[in-house]
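Asks: 3D model of this:
(2 chains)
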Amino acid sequence: MTGTTTLAARPPAVGSPPRATVRGPRGRRLLYWTATHAIAIAMAIMFLAPLVFMFLTAVMSANQTLTGALWPSSWHWENFGKALTTDDGVMLRWLLNTLVYAVLATVFMLISSVPVAYALARFRFRGRKTAFVLVITTMMLPPQVTIVPMYIVWARFHLTGTLWPLIIPMLFGDAFSIFLLRQFLVTIPREYADAARVDGCGEVRTMLRVILPMARPAIAAVALFQFFYAWNDYFGPLIYTKPQTWTLAVGLSTFRAAHHVEWNLTMAATLLTVLPVIIVFFLAQRVFIQGVTLTGVKG
Amino acid sequence: MAAVLTAGPATVVATRARRRHRIRVLAFMSPWLIGFSFFFAYPLAATVYFSFFRYNLFQLRPVGLTNYRFLFKDPYAWTAIKNTLWLVVVMVPSRVLFGLGLAQLLAKIKRGGNLLRAIFYLPFLIPPVAATVAFVFVVNPGTGPINGIAAKIGIHLPDWFNDPAWTKPGLTLLALWGIGDVMIILLAALLDVPKTLYEAAAIDGANAWQQFRRITLPTISPVLMFSVVTGVIQTLQYFTQAMVAANASQGNADQAGTTTAPGYPDGASLTFPQTLYNEGFQQFNMGYACVLALVLFAVAMVFTLILLRRFHAFGDDD
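Replies: Numbering: from 1, shown residues only, chains lettered A, B, ... in the order given. Got it, this is the predicted structure:
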């Protein structure tokens, strides 16, 4: 918030080079500059408002949340602790389940998807184009399309009710990650791999020692995306888990119903779910933004 | 490759090298080959198979085309199709236009641009369940701060998620809050437009609108197209926000994913994947759920094919 206000206080483009001759009179430029920044700041406030209100509500008393008040009359920081420990600390269990799902899914995805992306980007073989087209197809199609038979299969293996139906498939390549990694790997010049091969490196060693270190930004991006996909996933855990194995997303969706009028606890729980995402985002902002850009812009 | 043509021991070496190459490709590709067969090809075929049966996990009874015929009589399915269509027609274009607007804004701002970009992008990362619960509260007419502030300055905002007429607009607003992905992609596209084009146009006396119309739009149109098509495919699977908004505003769901009336209020939030979920995993009409899955597959496939035509060009780098 402070950042945006300083931005508003900055003097208009006084020091800009006198290219104004091309762009028209200076007065109009000033007006234009002011309008652009005013809209941007208004927008930024609107984007942050729900988060700010979420926080302010989380520290209110339960009664105050029902009054439509904007500012807490007294600050109840203990609400966060209450949200975590309510119902015998059920939220901590959801958190643990979410971490198991997210960490294992991410590790498994990396192990399985990196070699596939490498093969699609580096090797020449018949059917490579077909394979790539199929990767994109499976990436695009809604997960609901194949859910019924998959559920039946996992039920046969007595794995419904656990997180395994969500984790095990990650051992066999994730289409989105393969796609994104492949898009990055094709941009690395072939010469590096060739040089390594001349030095007597095998294909696996070339991949691990030469190419992957260069692909670190892309690997970080897919790992983060996968982690947050699991963290945010609602449909998958809703289908497969039971209350003992619920993740934060599923648990949080029931929180409001379980705590009817205690909006403060619901908001505290919501904020606790959001917080790790916000922290990681600000630590690794560039990774995210490069990753998104990689999916849509090339070609 | 030339070695193949020469006779003698060289040929043996070449075939051996080729076989080693083939094994290597197979080894690297094997996770995906297995994954594709077991987690995509098989369940897709099984979906077709089960669509001709009545199946509740215990009893499997062939019923021919009954499930398909029921689709035309199922009021829930038609409500859901209408709702999903509404979202495709309204939510997708609003997201692309709003994302383009924000991207344009960011492209113009030099200092502080990074911070603004982060602020606009952030809500996209918020877990959908959390974002929806928070949003439902914030715009709640009785207790929510936003509707409260609006009322104070004399604007009467609707009862978003309890009013059937305003539920989908409310969901659209929520989707605009999470504009981050579209905005970043469009911003990258805007920054890729060569500056010299604008300079040349300005010398020729083109105004801002003409520059946008004649230079910006044509240059970024492939990326716009990409955003629209992926937006449509995402909207076809729109599930979480609709479900959570219904549960949170209704406030009486006692089990995850259960609502007393599907699509509260009055069917307004019932999306197509939600009927699939209700039929398959609440009612255990798995055969009929497969029919719904196939409808979803067919529609999503059309848009995937449109997208593939674009990818075609850069899947082929030989």
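
Asks: okay, now the domains of chain B?
Replies: B:2-50, B:74-315 (automatic domain parsing).

Asks: looking at those domains, which has the lowest confidence?
Replies: Sorting the domains of chain B by mean pLDDT places domain B:2-50 lowest, at a mean of 85.

Asks: That one and chain A, are they touching?
Replies: Yes. With C-beta under 8 Å from any C-beta of the partner chain as the measure, domain B:2-50 is seen reaching chain A through B:21-22, B:24-25, B:27-29, B:31-32, B:34-36, B:38-40, B:42-44, B:46-47, B:50. Where C-beta positions appear, they are placed from N, C-alpha and C, glycine not excepted.

Asks: And the strands in the stretch 151-300 of chain B?
Replies: Using DSSP state E, counting those that start in this stretch, the stretch 151-300 of chain B contains no strands.

Asks: Skipping adjacent residues, who's closest to residue 50 in space?
Replies: You didn't pick a chain, so chain A it is. Of all residues not flanking A:P50 in the chain, B:V138 sits nearest, at 4.9 Å (C-beta to C-beta, 6 or more residues apart in numbering or on different chains).

Asks: To clarify, I was referring to chain B.
Replies: B:F50's closest residue in space is B:C290 (C-beta to C-beta, 6+ apart), at 4.5 Å.

Asks: The one you found against B:A45, yeah?
Replies: No. Using C-beta atoms under 8 Å, B:C290 is not in contact with B:A45, being 11.1 Å away.

Asks: which stretch of helix or strand covers the residue in chain B that chain A sits nearest to?
Replies: In chain B, the residue that lies nearest chain A is B:G35 (2.8 Å; C-beta to the nearest C-beta). Taking DSSP states H and E as the criterion, B:G35 maps to helix B:9-36.

Asks: Looking at the residue of the stretch 101-250 of chain A found nearest chain B now. What's its pLDDT?
Replies: Closest to chain B within the stretch 101-250 of chain A is A:F172: 2.8 Å, counting by C-beta to the nearest C-beta. Per-residue pLDDT puts A:F172 at 96.

Asks: Let me know the secondary structure of A:A62.
Replies: coil (DSSP: H, G, I helix; E, B strand; the rest coil).

Asks: where does it fall, phi/psi-wise?
Replies: phi -60, psi -40 (degrees, to the nearest 10).

Asks: so the residue nearest to A:P50 sits right up against A:L48, yeah?
Replies: No. Using C-beta under 8 Å, B:V138 is not in contact with A:L48, being 11.8 Å away.

Asks: Doesn't B:R54 lie inside a strand?
Replies: Yes. Membership of B:R54 in a strand is supported by three-state DSSP.

Asks: how deep is it tucked in, by neighbour count?
Replies: Number of residues near B:R54 (other C-beta atoms under 10 Å in any protein chain shown) recorded here: 16.

Asks: Could you list which residues are in contact with A:T146?
Replies: B:39-40, B:43-44, B:47, B:293 (C-beta atoms under 8 Å, 6 or more residues apart in numbering or on different chains).

Asks: is it possible to export those residues to a markdown table including secondary structure?
Replies: Formatted as a markdown table, those follow (three-state DSSP):
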| residue | secondary structure |
| --- | --- |
| B:F39 | helix |
| B:F40 | helix |
| B:P43 | helix |
| B:L44 | helix |
| B:T47 | helix |
| B:A293 | helix |
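
Asks: could you dump those to CSV with neighbour count?
Replies: CSV is the format used below for these (neighbours: other C-beta atoms under 10 Å in any protein chain shown):
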residue, neighbour count
B:F39, 19
B:F40, 21
B:P43, 22
B:L44, 18
B:T47, 23
B:A293, 28
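
Asks: what's the closest non-adjacent residue to A:F55?
Replies: Using C-beta to C-beta, 6+ apart, the closest residue to A:F55 is A:L271 (6.1 Å).

Asks: and whichever strand or helix holds that neighbour, how far from the chain's centre?
Replies: Element membership of A:L271, judged by DSSP H and E, is helix A:263-283. Here the centre of helix A:263-283 is set off from its chain's centre by 14 Å, with C-alpha atoms, centre = their mean, to the nearest Å.

Asks: who touches B:R69 in this structure?
Replies: By C-beta under 8 Å, 6+ apart, B:R69 has no neighbours at all.

Asks: So which bits of the strand or helix carrying it are buried?
Replies: Applying DSSP H and E as the criterion places B:R69 in helix B:66-73. The neighbour-count check on helix B:66-73 (16 or more other C-beta atoms under 10 Å in any protein chain shown) flags B:67, B:70-71 as buried.

Asks: now stretch B:27-45
Replies: Applying 16+ other C-beta under 10 Å to stretch B:27-45 flags B:28-32, B:35-36, B:39-40, B:43-44 as buried.

Asks: Closest one of those residues to A:I111?
Replies: Nearest to A:I111 out of the buried residues of stretch B:27-45 is B:P31 (C-beta to C-beta; 8.0 Å).

Asks: which regions of the stretch 51-200 of chain A sit below the pLDDT cut-off?
Replies: Within the stretch 51-200 of chain A, no stretch has pLDDT under 70.

Asks: who does the helix holding A:L271 touch, helix- and strand-wise?
Replies: helix A:26-58, helix A:78-122, helix A:216-232, helix A:248-258, helix B:113-125, helix B:128-138 (3 or more C-beta pairs under 8 Å, 6 or more residues apart in numbering or on different chains; DSSP states H and E).

Asks: Return the distance of whatever helix or strand comes next after it from the chain's centre.
Replies: Per DSSP H and E, the first helix or strand lying C-terminal to helix A:263-283 is helix A:285-296. Its chain's average C-alpha position is 11 Å from that of helix A:285-296, according to C-alpha atoms, centre = their mean.

Asks: Then stretch B:79-90?
Replies: Put simply, stretch B:79-90 sits 13 Å off its chain's centre (C-alpha atoms, centre = their mean).

Asks: B:I233 reaches A:P143, doesn't it?
Replies: No. Counting by C-beta under 8 Å, B:I233 sits too far from A:P143 to count as a contact (11.6 Å).

Asks: Between these two, which is the more surrounded one?
Replies: Ranked by neighbour count (other C-beta under 10 Å), B:I233 and A:P143 place B:I233 first, with 23 against 15.

Asks: Report the contact partners of the more buried one.
Replies: Residues near B:I233 by C-beta under 8 Å, 6+ apart: A:140-142, B:300, B:303-304, B:307.

Asks: Now, of those, which are buried?
Replies: A:140-142, B:300, B:303-304, B:307.

Asks: Need the max-distance pair from these.
Replies: Maximum distance among the buried ones among the contacts of B:I233 (C-beta to C-beta): 13.7 Å, for A:P142 and B:L307.

Asks: so which of the domains of chain B is the most packed in?
Replies: domain B:74-315 (a mean of 19; mean count of other C-beta atoms under 10 Å in any protein chain shown).
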